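Q: Next comes the sequence, and after it the predicted model I'd like to discuss.
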Amino acid sequence: MTAPTSVKGYVDPYALGSNNFGSLYTDLLEHVPDLTFPMSIPVYSKMRRDPKLSSIVSGWVLNLLRAQWQLDPAGCRPEVVQLVADGMGLAVKGKDKPGAARLRGVSWGDHLRAVLRMVPFGFSAFELEADVSDGRAQLEGLWERPQWTISHIHTDGKTGLLTGATQDQAANLNSPQIKAKNLAWYAREREGSNWAGTSLLRPSYASWLIKEEVRRAYAVANVRWSAGVPVMEALPGTNPTPAQMGEAAQMAQAARAGIAAGASSPPGFTMKILGITGSLPNSQEFLRWLDQQCTASALMGAFDLGETPNGSRALGSVFVDALHLALESEGDFAADVATRQIAARIVDWNYGENEPVPRVVVSGVGSRREVTAESLQLLLSSGALAADPGLEAWVRREYRLPERDGMTPPKAIAPGVDLEPEAGADAEPGDDDATAEVAARQADLDWGLFGGPKTDATDQPSLFDDTDDEDIDLAGFAPV
């Protein structure tokens, strides 16, 4: 069996042979012309300003921003890991102490904020720049190429892979202005050669469009009918001329509601303020339903628990779990792109393409473990943590307790793990105090770290004493 060395099929028939019109058909299945790239960018820009959609986007972006992004050094040489970590501005996994801040180079926080603009727009693009002044290729910048500045996305018709992008609309579209090898491109939920991605707001487009129309009509209705509509009515027995009717109409149209408002009607007319007769559609309820459709499309159903007239709020954990799965998937995707298109290129520039590449990893997406006194007690008692000076300083800082003053810092001890030294061991100055402290902490562990009476074992009554039977008074146990 011979391994295939070429392909005969295609992904994008419009990009075969010519790239002039390829970007006009990046999404072959999009049926709304305004949502095809690049016409979709202004539409999504308006949508992300909607109050409900803005909260949905913020819910996704903020959870990903506050997650822990690190560089996993597994299987890589330390010098390679350090070079990539310095270039990308990431902390190395397993190192508790962060490195010194760099005045030059990439800020991962700023880069991540720009990356997450793919949530409303569908994609984010960055151009890489390296500094080779010291003999090594050090990542100098990940310069954002905003979505509204890109006019053309170049793809390979057979493989569907990205070949580059063009910002200048007057440029020659047969070759990209920026090559793909110099780009880091995040395309959310890409299908085929659609490197414009899929916006999180795409399923909400219909609801948003209808909501905009209903909201304008609802605002007009409230303004128009809140004070009534002035009507000029001819008195019985009068026959007004067309000029008089026109004057009366002008009077009615000029009437305005206000504290000092008033009007005088033309001769033969009387003014009436009429209200609504009959019923109107419940626009407010309809607007609420449209908002619920938007939250449901983004798995943000927990947002509606306080607004729905029925349903159990216990379902909130179910909604949040589904959202966390989506956020973790989004974070893993961004980490994979950063590994393949940024970290791998830094390694390739300096060590060649066969050198193992450290991976960008993300953890703690959408979750946060609160450290309480009870959780600290469990961690200390199980031996997972030791009562070292660093932990004590952190507890004092988090709980706003005064700093230790004039006292010897405690020795690092894990209750239940660090026990008394064996007899005969070499004693050092201060060992007696440390031994007493260990014993006291062990007693606290046995009887509760947060109080509880401690009684000597010698004070406890025993039914199995070593006293002889003849010394025990059994008078009280004599049968009646």
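A: Okay, I see it. On a predicted model such as this, the values are computed, not experimentally measured, just so you know.

Q: What number of residues are in the vicinity of Ser40?
A: Residues contacting Ser40 under the criterion other Cβ atoms under 10 Å number 26. Bear in mind the C-beta positions are built from the backbone N, C-alpha and C, glycine included.

Q: actually Gln70, not the one I wrote
A: 21.

Q: Quick check: it vs Ser107, distance?
A: For Gln70, the distance to Ser107 (Cβ to Cβ, to the nearest Å) stands at 15 Å.

Q: do the same with Leu299
A: Distance of Leu299 to Ser107, given as Cβ to Cβ: 30 Å.

Q: okay, those two: which has more neighbours?
A: Comparing Leu299 with Ser107 by neighbour count (other Cβ under 10 Å), the higher total belongs to Leu299, at 20 against 13.

Q: Phi, psi for that one please.
A: phi 60, psi 30 (degrees, to the nearest 10).

Q: Pretty sure it sits against Leu323.
A: Yes. A contact is recorded between Leu299 and Leu323 when judged using Cβ atoms under 8 Å, the distance being 4.9 Å.

Q: Only the buried residues of stretch 30-42, if you could.
A: Within stretch 30-42, the residues that qualify as buried are Glu30, Leu35, Thr36, Phe37, Pro38, Ser40, Ile41, counting by 16 or more other Cβ atoms under 10 Å.

Q: contacting residues around the longest strand anywhere in the chain?
A: Among the elements of type strand in the chain, defined by DSSP state E, the one spanning the most residues is strand 123-131. When contacts are defined by Cβ atoms under 8 Å, 6 or more residues apart in numbering, strand 123-131 is touched by residues 104, 111, 114-118, 137-145, 147, 150, 165, 178, 182-188, 195-197, 342, 345, 349.

Q: ok, of those, which come out buried?
A: The neighbour count (16+ other Cβ under 10 Å) marks 111, 114-118, 137-140, 142, 144-145, 147, 150, 165, 178, 183-188, 195-197, 342, 345, 349 as buried among those.

Q: Among these, name the ones in helices.
A: Counting by DSSP state H, the members of the buried ones among the contacts of strand 123-131 that fall within helices are His111, Ala114, Val115, Met118, Arg345, Trp349.

Q: Where do the strands of this structure begin and end?
A: Counting by DSSP E, the chain forms strands over residues 68-72, 91-92, 123-131, 138-144, 152-155, 162-166, 178-179, 183-187, 229-234, 269-274, 359-363, given from the N-terminal end onward.

Q: coming back round to it: keeping just the C-alphas, turn the longest strand of the chain into CSV.
A: What follows is the C-alpha trace of strand 123-131 in CSV, where atoms were taken according to Å, rounded to 0.1, in the frame of the first residue of the first chain:
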residue,chain,number,x,y,z
PHE,A,123,-11.6,35.6,14.6
SER,A,124,-8.5,37.5,15.8
ALA,A,125,-5.3,38.1,13.8
PHE,A,126,-1.7,39.0,15.0
GLU,A,127,1.5,39.6,13.1
LEU,A,128,4.7,38.3,14.8
GLU,A,129,7.9,40.3,15.0
ALA,A,130,11.3,39.0,16.4
ASP,A,131,14.4,40.7,17.7
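
Q: In it, which residues are buried?
A: Phe123, Ser124, Ala125, Phe126, Leu128, Ala130.

Q: any idea how far that strand is from the chain center?
A: 22 Å (Cα atoms, centre = their mean, to the nearest Å).

Q: quick one: that strand to strand 138-144, angle?
A: Here the directions of strand 123-131 and strand 138-144 differ by 150 degrees (axes from the mean of the first three to the mean of the last three Cα atoms, to 10 degrees).

Q: ok, strand 123-131: who's next to it in the sheet?
A: Strand pairing for strand 123-131, determined by DSSP bridges: strand 138-144 (antiparallel), strand 183-187 (antiparallel).

Q: Dump the ones you listed to JSON lines, plus distance to Ser375.
A: Output for those, formatted as JSON lines (distance: least, Cβ to Cβ, whole Å):
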{"stretch": "strand 138-144", "distance to Ser375": "38"}
{"stretch": "strand 183-187", "distance to Ser375": "36"}
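
Q: where among those strands is the average confidence lowest?
A: The stretch with the lowest mean pLDDT among the strands paired with strand 123-131 is strand 138-144, at a mean of 92.

Q: ok, residues contacting that one?
A: Contacts of strand 138-144 from elsewhere in the structure, counted by Cβ under 8 Å, 6+ apart, are 83, 86-88, 104-106, 111, 114, 124-132, 184, 342, 346.

Q: in stretch 212-232, what counts as buried?
A: By neighbour count, with 16+ other Cβ under 10 Å as the criterion, the buried positions of stretch 212-232 are Val214, Tyr218, Pro230, Met232.

Q: I figured the first one hits Arg288, correct?
A: No. Counting by Cβ under 8 Å, Val214 sits too far from Arg288 to count as a contact (11.0 Å).

Q: Now Gln177: closest residue in space that isn't a chain neighbour?
A: Thr166 (4.2 Å; Cβ to Cβ, 6 or more residues apart in numbering).

Q: count of residues packed around that neighbour?
A: For Thr166, the count of nearby residues is 20 (other Cβ under 10 Å).

Q: Same question for Gly105.
A: 17.

Q: Gly228 is in contact with Ala261, isn't it?
A: No. Counting by Cβ under 8 Å, no contact exists between Gly228 and Ala261, whose distance comes to 11.8 Å.

Q: With Ile41 as the reference, measure out to the residue nearest to the spatial centre of the chain.
A: Nearest to the centroid of the C-alpha atoms of the chain, with distances taken as Cα atoms, centre = their mean, sits Asn63, at 2.5 Å. Spatial separation of Asn63 from Ile41 under the definition Cβ to Cβ is 24 Å.

Q: how about low-confidence regions in the stretch 201-350 of the chain?
A: Applying pLDDT under 70 to the predicted model, the residue ranges of the stretch 201-350 of the chain that meet it are 306-314.

Q: The same query, at a cut-off of 50, please.
A: Confidence mapping of the stretch 201-350 of the chain against pLDDT under 50 gives zero matching residues.

Q: re the thing from before, and the angle for the longest strand of the chain with strand 162-166?
A: If you take the same axes, to 10 degrees, strand 123-131 sits at 90 degrees to strand 162-166.

Q: for the record, mean pLDDT for strand 123-131?
A: Here the mean pLDDT over strand 123-131 is 95, rounded to a whole number.

Q: Dihedrals phi and psi, the residue lying closest to Glu189 once chain neighbours are set aside?
A: Leaving aside its chain neighbours, Glu189 sits nearest to Thr198 (4.0 Å; criterion: Cβ to Cβ, 6+ apart). In terms of degrees, to the nearest 10, the main-chain angles of Thr198 are phi -130, psi 120.

Q: Thr198 touches Phe121, doesn't it?
A: No. Judged on Cβ under 8 Å, Thr198 makes no contact with Phe121 at a distance of 10.1 Å.
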